[in-house]
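**Student:** attaching a predicted model along with its sequence, questions to come.
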Amino acid sequence: ELEILKASGSTSDFKNIPVDIDGSRVLNIIDNQLIQYEQLHDDANLISFYAISENSEVLNMLSSIDYGLQEVIGESSAGTFHPETGQWIGSLQNINPEDGYWIIMDEEDDIFYDYEQIGAPTHVDWTTEAYDGYNLMAYPCLNIQSINDAIPAEFDGLIESIQTEGDAAYLLPDTGWVGSIPNTGGLAPGKGYWIKFLPEIIDNNPFYFNCPVDCEDIVARESGSEQLETPVELKYAQSSQQAFYFIAELNLENHTIEDGDWLVAFNNDHIIGARAWSGEYTDIPVMGNDSYNYSMNYISEGEIPSFKLYKDGEMIDLFGATPAFYNLGTHQITLSDINFELPEEYSLSNAYPNPFNPVTTVDFALPENSYVEIVVYDINGTRVDILTNQNYQAGMHSIMWDASSFASGIYIVKMKSGRFVDTQKLMLIK
């Protein structure tokens, strides 16, 4: 395999640079113009545009796609082609260089669509406003970079998670970035990313990436390991609705797991995601129903996926407390091949420690799959925090309350699930 260290004949003003970006496509930079090439598959593709033509209208930007285009979906807008009028309709009329987009293509098995566009590079002086929550962003840089290299230090601790099509990353305070994005090299040109910012980001606008400015940096890249190809029997269609379940612990009593074994997500009997085991914090993608035919049997908001270990052609049931699905969710879960006996009744156990400073844990038991709401009140009966309000599988569950931002005193935690209601006192001592 040939590794390119520097583009021959390249110049700092981008007059002529042919560059192999990732071993599978060639980036041509001629007279300050880029030619962006992408190969789109059927169903949902999450991409961004690092070459924008002067005419940024959707129909012009996507004119190289001869057929198969169904819809383009942005963070808060969408558009589609009206076959009878020949017009592009909807709120999404222009491609923005700061944004990522879901490109929905016709549902045909193993069909690929070629996208090609010439335009001005977008990475020069690229910035965008970022806000608390999920932001659908472009990645304008022309090289693959690790997350730590791509995101400036001033934004350290302000990003909780990153998602792209079928891959994710989650920031653990003591570990760093985990998941399939860091495992495969990091952020890549041509992809769109859902980036979840914490509330403190409001003081750090605008957001930008560390894009190399000289040619040698442009072709330098961190080499990541490639993901294993999904076995035919585990294949599923990519949806524009997705969540990721990170395996914090996998406790196997009757089986073993090795690199190359697969963890598979199900909605009833339908496969809705799969990931090869790569160790602790392997992230399993879970596809949701986005109303297209390919997602007809996918999971809906509030439903709970199940998981299995696929090993040597056998599906092995896994059990654990699994949070309900919601789009863009990132969850840490513990799974086991042992189905422990279910509780016989609802219960709210004593918090521990209690008194506490500043974190305490609340355990609760569910005899069946249930919707649970756990809320904290102050001594005056004012609601001060919501610990959870979602569906849970039957079993034992734990949830932590971090009261770092609350004053010392007595608080009441209240659990409601169906007709079951229980409360207990908590004492915060600082």
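**Tutor:** Okay, I see it.

**Student:** now do the buried residues in stretch 146-166.
**Tutor:** 146-147, 149-151, 155, 158-159, 161-166 (16 or more other CB atoms under 10 Å). Placement of C-beta: from N, CA and C, glycine included.

**Student:** make a markdown table out of these and add secondary structure, pLDDT and distance to Asn369.
**Tutor:** Below are the buried residues of stretch 146-166 laid out as a markdown table (DSSP: H, G, I helix; E, B strand; the rest coil; pLDDT from 0 to 100; distance: CB to CB, whole Å):
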| residue | secondary structure | pLDDT | distance to Asn369 |
| --- | --- | --- | --- |
| Ser146 | coil | 96 | 40 |
| Ile147 | helix | 97 | 36 |
| Asp149 | helix | 96 | 43 |
| Ala150 | helix | 96 | 40 |
| Ile151 | coil | 96 | 38 |
| Phe155 | helix | 93 | 39 |
| Leu158 | coil | 93 | 35 |
| Ile159 | strand | 95 | 33 |
| Ser161 | strand | 97 | 26 |
| Ile162 | strand | 98 | 30 |
| Gln163 | strand | 98 | 26 |
| Thr164 | strand | 98 | 31 |
| Glu165 | coil | 97 | 30 |
| Gly166 | coil | 97 | 27 |
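
**Student:** looking at these, which is nearest Asp269?
**Tutor:** Nearest to Asp269 among the buried residues of stretch 146-166, counting by CB to CB, is Gly166 at 21.6 Å.

**Student:** any idea which helix or strand comes after the helix or strand of the chain with the lowest mean pLDDT?
**Tutor:** Sorted by mean pLDDT, DSSP states H and E, the helices and strands of the chain end with helix 215-219, the least confident at a mean of 38. Scanning forward in sequence from helix 215-219 by DSSP states H and E, the next helix or strand is strand 242-251.

**Student:** so what strands line up beside that next one?
**Tutor:** Using DSSP bridges, strand 242-251 pairs in its sheet with strand 283-287 (antiparallel), strand 330-336 (parallel).

**Student:** most packed of those strands?
**Tutor:** Ranked by mean neighbour count, the strands paired with strand 242-251 are led by strand 283-287 with a mean of 26 (mean count of other CB atoms under 10 Å).

**Student:** can you list the neighbours in contact with it?
**Tutor:** Residues from elsewhere that reach strand 283-287, judged by CB atoms under 8 Å, 6 or more residues apart in numbering: 166-168, 170, 178-180, 236-239, 241-247, 263-265, 272-275, 295, 298-299, 305, 307, 325.

**Student:** export that strand as CSV, just CAs?
**Tutor:** Provided in CSV are the C-alpha atoms of strand 283-287 (Å, rounded to 0.1, in the frame of the first residue of the first chain):
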residue,chain,number,x,y,z
ASP,A,283,-21.3,1.1,20.3
ILE,A,284,-24.3,-0.7,18.8
PRO,A,285,-26.2,1.4,16.3
VAL,A,286,-30.0,1.1,16.6
MET,A,287,-32.1,2.3,13.6
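
**Student:** quick one: mean pLDDT for that strand?
**Tutor:** For strand 283-287, the mean pLDDT works out to 98.

**Student:** and it, how far out from the chain middle?
**Tutor:** What separates the centre of strand 283-287 from the centre of its chain is 9 Å, taken as CA atoms, centre = their mean, to the nearest Å.

**Student:** same thing with stretch 255-264?
**Tutor:** That offset, for stretch 255-264, works out to 22 Å (CA atoms, centre = their mean).

**Student:** list the buried ones in that stretch?
**Tutor:** Neighbour-count burial for stretch 255-264, counted by 16+ other CB under 10 Å, picks out Ile257, Trp262, Leu263, Val264.

**Student:** ok, now stretch 74-90?
**Tutor:** Going by neighbour count (16+ other CB under 10 Å), the buried part of stretch 74-90 is Gly74, Glu75, Ala78, Gly79, Thr80, Phe81, Trp88, Gly90.

**Student:** dump the residue contacts of the first one.
**Tutor:** Read that as Gly74. Shown in contact with Gly74 (CB under 8 Å, 6+ apart): Leu92, Asn96, Asp99, Gly100, Tyr101, Trp102, Leu136.

**Student:** run the last query once more with 7 Å
**Tutor:** For Gly74, the contacting residues are Leu92, Asp99, Tyr101, Leu136, by CB atoms under 7 Å, 6 or more residues apart in numbering.

**Student:** what's the pLDDT at the second one?
**Tutor:** At Asp99, the predicted lDDT confidence score is 98.

**Student:** let the chain start at 857 from now.
**Tutor:** Happy to do that; since the first residue is 857 now, the last one works out to Asp955.

**Student:** count of neighbours near it?
**Tutor:** By other CB atoms under 10 Å, the residues close to Asp955 number 19.

**Student:** nearest to Pro1209, out of the strands paired with strand 1098-1107?
**Tutor:** Nearest of those to Pro1209, taken as CB to CB: strand 1186-1192 at 21.7 Å.

**Student:** tell me which other helices or strands the helix or strand following that closest one touches.
**Tutor:** Later in the chain than strand 1186-1192, the nearest helix or strand by DSSP H and E is strand 1203-1204. Judged by 3 or more CB pairs under 7 Å, 6 or more residues apart in numbering; DSSP states H and E, the packing partners of strand 1203-1204 are strand 1215-1222.

**Student:** 10 Å - rerun?
**Tutor:** Here strand 1203-1204 touches strand 1215-1222, strand 1265-1273, strand 1276-1284, going by 3 or more CB pairs under 10 Å, 6 or more residues apart in numbering; DSSP states H and E.

**Student:** name the strands paired with it and say parallel or antiparallel.
**Tutor:** With DSSP bridges as the test, strand 1203-1204 pairs up with strand 1215-1222 (antiparallel).

**Student:** what angle do strand 1276-1284 and the next helix-or-strand element following the strand it pairs with make with each other?
**Tutor:** Once the chain leaves strand 1215-1222, the next helix or strand it forms, by DSSP H and E, is strand 1226-1234. With axes from the mean of the first three to the mean of the last three CA atoms, to 10 degrees defining the directions, strand 1226-1234 sits at 40 degrees from strand 1276-1284.

**Student:** using CSV, write out every CA atom in strand 1226-1234.
**Tutor:** C-alpha atoms of strand 1226-1234 as CSV (Å, rounded to 0.1, in the frame of the first residue of the first chain):
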residue,chain,number,x,y,z
SER,A,1226,-42.9,0.3,32.4
TYR,A,1227,-42.8,4.0,32.0
VAL,A,1228,-41.0,5.6,35.0
GLU,A,1229,-40.8,9.1,36.2
ILE,A,1230,-38.5,10.0,39.1
VAL,A,1231,-38.5,13.6,40.2
VAL,A,1232,-36.7,15.5,43.0
TYR,A,1233,-38.5,18.2,45.1
ASP,A,1234,-37.2,20.6,47.7
